[in-house]
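Participant: need a structure here:
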Amino acid sequence: DRGIEKFVLFLRTFVDLEIPHIQFNVVRPEDLLAAKAHPEQYRSLTVRVAGYTAYFTELAEELQDEIIARTSYDGI
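Facilitator: The predicted structure is shown next:
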């Protein structure tokens with residue numbers, strides 16, 4: 001329940017700041033790390049990347065790392 005409350009506050013902040021665009025990847029960081037380690041098992045995993053959708057395992061390693069880094073907001 002607390003996670004949902006935080007997510008709602010996060011969305012309201014975007015509205016309050018009049019940010020015109022936001023995109024979400026609803027995937028666990030653990031799954032992204034597993035996909036990076038075993039791409040053959042995660043060929044169909046898709047993520048949003050700067051306005052387009054891509055297969056995670058086909059992205060460059062640097063971009064995979066960036067997506068993993070921005071996926072978890074447990075500390076917020």
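Participant: Return the distance of the longest helix seen in the chain from the chain's centre.
Facilitator: As assigned by DSSP state H, the longest helix anywhere in the chain is helix 2-16. Helix 2-16 has its C-alpha centroid displaced from the chain centroid by 16 Å (C-alpha atoms, centre = their mean, to the nearest Å).
Participant: now that helix: mean pLDDT?
Facilitator: For helix 2-16, mean pLDDT rounds to 89.
Participant: any low-confidence regions in this protein?
Facilitator: Scanning the chain for pLDDT under 70 picks out the ranges 73-76.
Participant: how about the helices of it, start to end?
Facilitator: In the chain, helices defined by DSSP H lie at 2-16, 29-37, 61-69, listed in chain order.
Participant: May I see the buried residues of the longest one?
Facilitator: Put plainly, it is helix 2-16. Residues of helix 2-16 include none that count as buried (16 or more other C-beta atoms under 10 Å). C-beta: built from backbone N, CA, C; applies to glycine.
Participant: gap between Gly51 and Ile68?
Facilitator: Going from Gly51 to Ile68 by C-beta to C-beta, to the nearest Å gives 19 Å.
Participant: which residue packs closest to the residue nearest the centre of the chain, ignoring adjacent ones?
Facilitator: Note on the chain: the residue nearest the mean C-alpha position is Asn25, at 3.4 Å, using C-alpha atoms, centre = their mean. Counting by C-beta to C-beta, 6 or more residues apart in numbering, Asn25 lies nearest to Val47, which is 4.9 Å off, once chain neighbours are set aside.
Participant: what residues are up against that neighbour?
Facilitator: Listed by C-beta atoms under 8 Å, 6 or more residues apart in numbering, the contact partners of Val47 are Asn25, Val27, Leu32, Thr53, Ala54, Phe56, Leu59, Ile67.
Participant: pretty sure the second one is touching Leu45, no?
Facilitator: It refers to Val27. Yes: using C-beta atoms under 8 Å, Val27 makes contact with Leu45 at a distance of 7.3 Å.
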